[in-house]
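Asks: model the following, please.
(2 chains)
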Amino acid sequence: MATFTIMRLTFLEAARRRIALAAFLLGIAFLALFAIGFHFMRTETGLPTSEDPGTTLLRSQVFNFLGQMGLYAVNFLTIAMGALVSADTLAGEIASGTIQALVTKPVRRAEIVLGKWLGFAVLLAVYLTLMDGGLMAAVYLQSGYVFPNIGTGLLLTYLETLVVMTLTLACSSTFSTLATGGIVFGMWGLAFIGGFVEQVGALLNNATAVNIGIVSSLILPTEAVFRRAQYAMMSPVARSLGFSAGPLLVVSVPSLAMVIYAALYLLAWLALAVRQFNRRDL
Amino acid sequence: MVSPSFAIQTTGLRKAFGDNVAVRGLTLEVPAGEVFGFLGPNGAGKTTSIKMLLGLVAPTAGTGQVLGAPVGDRAARTQVGFLPEHFRFHDWLTAEEFLTLHGRLYNMPAPRLRARLSDLLERVGLMSFRRKTLRTFSKGMLQRIGLAQALINDPALVFLDEPTSGLDPVGRRLVRDIIRDLRARGTTVFLNSHLLSEVEITCDRVAFIKHGEVVHLSPLKTLLEGETRVTVRAGRLTPEILAGLAGLGRDMRADGSQVTLTIEGEAALPGLARYLVEQGAELYALTPQRLALEDLFIQIVGTDGGL
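Replies: As a prediction, the model looks like this:
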């Protein structure tokens, strides 16, 4: 019961503090820019038109590649959003003292953490759906191209977003807002570079580099999960070549075990967030 | 839950943050229905004590019960209200939304919450501001809405941490009136205040706390009664009358028509008046000087401010 009251409060906060509005307006701007860019890339780069049936495969490769660039950008925006909204939520309320009037009510502290988590999870789901949906719509309406495995791809992207948000929430239960931001972006940077090293290593058949990537994915499995999402939505041709020319290489495809690991990783941080918040003097 | 005769009962409640001992050992009993004043210098551990009683801070040692349940008990908090010291609330909520949120967290049924919300907004004089966000509120208005928040569940026990700081005289009177109403309804009020005059007016009993320990606890009446210094203003004070007067009290000082002396208590006043009149003095004024709480505060806590 209190969980849903807090969840609703999270929605109201996003609306009242204009967080939702800012995200929405910037999202629209991003989508407009992407649609315009996609239009010019499609028409001004000498790409054969759909009248030539022999070029369908080539065209779909190009559309997929351009779309993947956009999906990557949306992914970055979404995890940034997840980290930004949740970094201040517990730390900020503890620092300002607004938390005191909440936790002295007959509610479990866990309900407050879970309510906030649920609220952010819903907001991020809406954001991701609108952004990726808008992007895919822009591609489809202009070119008729449909990404493969959209459901799997979006769910995996969402999982990655939730991992970042949950990690941030857990840090926010213990550290200040700034420290939380520092830790989360530091870890994300580590996973990003680790993922890059892994892909280059796989390309060059260097086992050490691949292992470095896997270890960094264990520390924070975001990049690994997103690469699997990218892999799912990659065109079958690029997939069979084991290579995508997207912004990130997907040579070494993270296993399903890594996805399960990410889900457990998320639950562990959520449990830690509750535990830390339960123990903390406020 | 059996209705406990004590709203609050603690034994050696202690809180240390590392080496820093905030509350050394709080042993306290507050009977149900009492307005209890909690006094002490800054840094004496008053707020930490309240936080332990509310379950915000976990005690390092000691035990305590609030409304018959161990400190921090969730079910007992249904009956507890709290106005935090630095009342910071979600200022993007309107007054109405704010009270609704806190009422919901108390699990109040919607019709009861609605009725209570109107009553309280009216009571704290914010009815016409109910649709305004708290961001637009002045410090005094925030204090009032905070107080309404603390009372939304019609609690059996209310903790008010500095409820009158930031309030103008009208607001202070409002708080006093509300506390009086609460007392009439049998609500226990735990009042932490720096404003000793407030405490003097509102409280049944006071505890003085220093270094996180109760150093003195007594009913306010007996604190302020007992030995009283009296000022007598009278004409025709002959040396004989003065000599007789000196026998009725002690430490007499005479200065023309004004005499001050210490008597045992208020009960001695009529006898003093009768003596003066019978002896033929012209009595203009007989004023007992009650020992102000501030004097007592300094006497008990010390001028070092407990540091």
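Asks: state the mean pLDDT of stretch A:189-204.
Replies: Stretch A:189-204 carries an average pLDDT of 85.
Asks: correction: the previous question concerned stretch A:136-153.
Replies: Mean predicted confidence for stretch A:136-153 is 91.
Asks: need the residues that contact it.
Replies: Applying CB atoms under 8 Å, 6 or more residues apart in numbering or on different chains, the contact partners of stretch A:136-153 are A:31, A:34-35, A:38-39, A:42, A:50, A:59-60, A:63-64, A:66-67, A:70-71, A:229-230, A:232-236. Quick note: C-beta positions are derived from backbone N, CA and C, even for glycine.
Asks: please redo it, this time with the cut-off set to 6 Å
Replies: Applying CB atoms under 6 Å, 6 or more residues apart in numbering or on different chains, the contact partners of stretch A:136-153 are A:35, A:60, A:63, A:67, A:229, A:232-233.
Asks: after the lowest-mean-pLDDT helix or strand in chain A comes which helix or strand?
Replies: Within chain A, judged by mean pLDDT, DSSP states H and E, the helix or strand with the poorest mean is helix A:236-241; its value is a mean of 73. Next helix or strand after helix A:236-241 toward the C-terminus (DSSP states H and E): helix A:256-279.
Asks: now that following helix: buried residues?
Replies: Buried residues in helix A:256-279, counted by 16 or more other CB atoms under 10 Å in any protein chain shown: A:258-259, A:261-262, A:265-266, A:269-270, A:272-277.
Asks: same question, stretch A:164-183
Replies: A:164-177, A:180-181, A:183.
Asks: end-to-end on that stretch?
Replies: End-to-end span of stretch A:164-183 (CA to CA, to the nearest Å): 11 Å.
Asks: now, the most widely separated pair of the contacts of stretch A:136-153?
Replies: Greatest spatial distance among the contacts of stretch A:136-153 (CB to CB): A:Ala35 and A:Ala232, at 23.4 Å.
Asks: of these two, which one has the most company?
Replies: A:Ala232 (20 against 17; other CB atoms under 10 Å in any protein chain shown).
Asks: which of the contacts of stretch A:136-153 come close to chain B?
Replies: Among the contacts of stretch A:136-153, none lies close to chain B by the criterion of CB under 6 Å from any CB of the partner chain.
Asks: pick out the lowest-pLDDT one from these.
Replies: A:Ser60 (84).
Asks: around chain A, pick out the residues from chain B.
Replies: Within reach of chain A by CB under 6 Å from any CB, chain B has these residues: B:54, B:56-57, B:74, B:77-78, B:82, B:84, B:86, B:88-90, B:92, B:104-106.
Asks: the same query, at a cut-off of 7 Å, please.
Replies: Residues of chain B that fall close to chain A, judged by CB under 7 Å from any CB of the partner chain: B:54-58, B:74-75, B:77-78, B:82, B:84, B:86, B:88-90, B:92, B:101-102, B:104-107, B:149.
Asks: narrow those to those in helices?
Replies: B:54, B:101-102, B:104-105, B:149 (DSSP state H).
Asks: show me the two of those that sit farthest apart.
Replies: B:Leu54 and B:Arg104 (19.1 Å).
Asks: would you mind putting the buried residues of helix A:256-279 into a markdown table with pLDDT and distance to A:Asn149 alongside?
Replies: Shown next, in a markdown table, are those (pLDDT from 0 to 100; distance: CB to CB, whole Å):
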| residue | pLDDT | distance to A:Asn149 |
| --- | --- | --- |
| A:Met258 | 87 | 17 |
| A:Val259 | 90 | 14 |
| A:Tyr261 | 92 | 21 |
| A:Ala262 | 92 | 18 |
| A:Tyr265 | 94 | 23 |
| A:Leu266 | 95 | 22 |
| A:Trp269 | 95 | 27 |
| A:Leu270 | 96 | 27 |
| A:Leu272 | 95 | 32 |
| A:Ala273 | 94 | 32 |
| A:Val274 | 95 | 34 |
| A:Arg275 | 94 | 36 |
| A:Gln276 | 93 | 37 |
| A:Phe277 | 94 | 37 |
